[in-house]
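# I would like to see how this sequence folds:
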Amino acid sequence: MPLSQAVGENLNNGDAVAFEGFTHLIPHAAAHEAIRQGFKDLTLIRMTPDIIYDQMIGMGMAKKVIFSYAGNPGVGLLRRMRDAIENAFPRGIETVEHSHSAMAQAYEAGASGLPLALFRGYKGADLPKVNPNIKMMTCPFTGEQLAAVPAHHPDVTFIHAQKASEKGDILIEGIIGVQKEAALAAKRVVVTVEEVVPSFKGLHPNLCILPHWTVDAIAVVPGGAHPSYTHGYYQRDNATYLEWDKISSDRELFAGWIKQNVLEATPEAFADRVRDLRV
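As a prediction, this is how the structure comes out:
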């Protein structure tokens, strides 16, 4: 279905939502559509939130962010997120910070239908001092002290992938990250893809990370991960990440960029943005 329909039918004001991708396949097109539709009071969940969440926070869409490491990869700060935290502009946000491991474990626990994730970690760390959702528990079998955090149960998860089959199965090549777990932990799943193919015949079966019955909507958006990369399709647009540091540091520059590149743009614009980056 069209991306506008996929987002509009599956995301609601006040939802807990994950836009997941790790290094590549970050679902920027889906996030831009959410910005265009003006959703509010979202709880944003993401490992390593980068500029995709900086843009959503800067538009006042988030009331809470659950995350591990927030930054513009290879560049520096998330300046819109920092402005929201320090100056409540355009609104204040609640932050819940975890380690990468805890975020991954919480997604896996959610995908397993469990209320919490239990793992070795946080021993000697300071995050438990600022995050009351980190608890220590004693293993009833060994007596070992283990860390526990609430499982992630997003209302909806958005991911980007290389291919969908005509049946609706989803294929990812390259780094997988936590997309599978984030999808299976959610009530609803929306996937943007580079293309739809008749089947995955002849490809390694382990490349299919989500069967069709786990997916609620698929939208074909070539270039939909830009400025991150899609393995086998286009490279990472490093210049855009560098440019974002300047744009996001100024409220007026940010507003102008959003107006031109998101509010007045369409999903089709992403194909043009990766034209010179294709591999």
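# Show me the helices in the stretch 101-250 of the chain, by range?
Under the criterion DSSP state H, counting those that start in this stretch, the stretch 101-250 of the chain carries helices at the ranges 127-130, 179-184, 238-248.
# Check those helices for me: which has the lowest mean pLDDT.
Of all the helices of the stretch 101-250 of the chain, the segment with the smallest mean pLDDT is helix 127-130, scoring a mean of 93.
# hey, what's Lys135 bridged with?
Here Lys135 sits in beta bridges with Ala148, going by DSSP bridges.
# And for Ala16?
According to DSSP bridges, the residues that bridge with Ala16 are Thr43.
# What is the neighbour count of it?
Taking other C-beta atoms under 10 Å as the criterion, the count of residues near Ala16 is 18. In this view, the C-beta of every residue, glycine as well, is placed from N, C-alpha and C.
# Now do it against Thr48, distance only.
Per C-beta to C-beta, to the nearest Å, Ala16 is found 18 Å from Thr48.
# How about Gly21?
10 Å.
# More neighbours: which of the two?
Gly21 (29 against 19).
# who are the neighbours in contact with the more buried one?
Neighbour list for Gly21: 27, 159-160, 177, 179, 225, 228 [criterion: C-beta atoms under 8 Å, 6 or more residues apart in numbering].
# Need the winner for burial among the helices of the stretch 101-250 of the chain.
Mean neighbour counts were compared across the helices of the stretch 101-250 of the chain using mean count of other C-beta atoms under 10 Å; the top stretch is helix 179-184, at a mean of 24.
# Ignoring the adjacent residues along the chain, who's closest to Glu20?
Ala182 (4.2 Å; C-beta to C-beta, 6 or more residues apart in numbering).
# In this structure that neighbour contacts Ile159, no?
Yes: when contacts are counted by C-beta atoms under 8 Å, Ala182 is listed as touching Ile159 (6.9 Å).
# Could you report the separation of the residue nearest to Glu20 from Ala148?
Ala182 is 20 Å from Ala148, where distance means C-beta to C-beta.
# ok, back up a step: so how do I select the buried members of the contacts of Gly21 in PyMOL?
Selecting only the buried entries of the contacts of Gly21 in PyMOL, with 16 or more other C-beta atoms under 10 Å as the criterion:
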select buried, resi 27+159+160+177+179+225+228
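# min pLDDT across the contacts of Gly21, which one?
Least confident entry in the contacts of Gly21, by pLDDT: Gly177, with 91.
# Quick one: residues contacting Tyr107.
The neighbourhood of Tyr107, defined by C-beta under 8 Å, 6+ apart, consists of 18, 152, 178, 181-182, 185.
# Could you check how many residues crowd around Met1?
The number of residues near Met1, taken as other C-beta under 10 Å, comes to 13.
# Show me what counts as buried in stretch 7-16.
7-8, 10-11, 15-16.
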